[in-house]
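Peer 1: Quick one: sequence and predicted model below, then my questions.
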Amino acid sequence: MAIRVTSVLKKRLGDLLVDLGIISREQLQQALEVQRQTGGKLGRILIQLGFVTEEVLLYFLGKQAGVSYVSLADYGKIPEEIVRIVPER
């Protein structure tokens, strides 16, 4: 999926997902209404409503921020000595 980075960086997450056909305009409106009523982050709400998976959300948040999403699941088990040296935050 080729995405122009400059256009991605300027778009809001919901509009980006609609424009790329990941969610419908109606789904975005439903999620925004839930956000208005309960607060919270749009991405988390989209996942809770079942409109996107966490992996899809992380991929597009990365695109929006101009960074690549890397799934650690693609690399198998990470050695314990590596996990210990990576800070939690």
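Peer 2: Ah, there it is.
Peer 1: Now do stretch 70-83, average pLDDT.
Peer 2: The average of the pLDDT scores along stretch 70-83 is 85.
Peer 1: what's the straight distance from one end of that stretch to the other?
Peer 2: For stretch 70-83, the first-to-last residue distance is 16 Å (CA to CA, to the nearest Å).
Peer 1: what's the burial count for residue 13?
Peer 2: 18 (other CB atoms under 10 Å). Where C-beta positions appear, they are placed from N, C-alpha and C, glycine not excepted.
Peer 1: ignore the last one, residue 46
Peer 2: When neighbours are counted by other CB under 10 Å, residue 46 comes out with 28.
Peer 1: give me the element it is part of.
Peer 2: helix 42-48 (DSSP states H and E).
Peer 1: which one's the longest helix in this structure?
Peer 2: helix 25-38 (DSSP state H).
Peer 1: ok, the nearest residue to residue 58 once chain neighbours are set aside - contacts?
Peer 2: Leaving out its chain neighbours, the residue that sits closest to residue 58 by CB to CB, 6 or more residues apart in numbering is residue 69, at 5.1 Å. The contact partners of residue 69, taken as CB atoms under 8 Å, 6 or more residues apart in numbering, are 55, 58, 59, 61, 62, 63.
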